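K.L.:
need coordinates for the following:
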Amino acid sequence: MIEFIIPISPITKKNHQQIFRNHKTGRPFITPSPQYKQYQEDCGYFIKWLENPIEHKVNVKAVYYMPTRRKVDLTNLHEALHDVLVHHGMLADDNSRIIHSTDGSYVDYDKENPRTEVTITDL
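P.N.:
Just a heads-up that it's a prediction; the model follows:
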């Protein structure tokens, strides 16, 4: 079991995307916002370093404590967290062969201490 806390206000990736056009082809493409990119980098300070990324089935339970009571999609929070875990080498990938479940995850409110509490257990 791996447990850690990311003491940063959770942010979704989907609600902070930007659309740009490729300067050569003119085709539009979507990229994460500077706010999300900063969040992704800041999370790295709190994620436990593993010698090798996890490549087997796990349950990734995440409890997201938001700073406001505004509605937020749990799936969007999961997408952002899972991408962060892959980016920082904790998970080899965020597909269903590795993140087999997210049982026990939920969103709550804590104005004074927004954070994400993560528990990864082997299946």
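K.L.:
look at the residue nearest in space to the middle of the chain and report its pLDDT.
P.N.:
Of all residues in the chain, the one closest to the mean position by CA atoms, centre = their mean is Leu81, 0.8 Å from it. pLDDT for Leu81: 97.
K.L.:
what sits against it?
P.N.:
Pro10, Val60, Ala62, Thr116, Val118 (CB atoms under 8 Å, 6 or more residues apart in numbering). Just so you know, the C-beta spots here come from the backbone N, C-alpha and C atoms, and that holds for glycine as well.
K.L.:
dump the residue contacts of the most far-flung residue of the chain relative to its centre.
P.N.:
In the chain, the residue that sits farthest from the middle, by CA atoms, centre = their mean, is Lys24; the gap is 31.7 Å. For Lys24, the contact set (CB under 8 Å, 6+ apart) is empty.
K.L.:
ok, Gln40 touching Asp83?
P.N.:
Yes - using CB atoms under 8 Å as the test, Gln40 is close enough to Asp83 to be in contact (7.2 Å).
K.L.:
could you list the low-confidence segments of this structure?
P.N.:
For the chain, applying pLDDT under 70 flags the ranges 14-18.
K.L.:
now with 90?
P.N.:
Within the chain, the ranges that satisfy pLDDT under 90 run 12-37, 48-50.
K.L.:
let me know the closest of the contacts of Leu81 to Ser105.
P.N.:
Taking CB to CB as the measure, Ala62 is the one of the contacts of Leu81 closest to Ser105, at 4.8 Å.
K.L.:
who's the closest one bridged to?
P.N.:
Val118 (DSSP bridges).
K.L.:
does Glu117 touch Tyr65 like I think?
P.N.:
Yes - taking contacts as CB under 8 Å, Glu117 lies within contact range of Tyr65: 7.5 Å.
K.L.:
higher neighbour count, the two?
P.N.:
More neighbours surround Tyr65 than the other of Glu117 and Tyr65, with 19 against 16 (other CB atoms under 10 Å).
K.L.:
how much space between the residue lying closest to that one once chain neighbours are set aside and Val118?
P.N.:
Excluding the flanking residues, the one nearest Tyr65 by CB to CB, 6 or more residues apart in numbering is Asp110, at 3.9 Å. From Asp110 across to Val118, the span is 15 Å (CB to CB, to the nearest Å).
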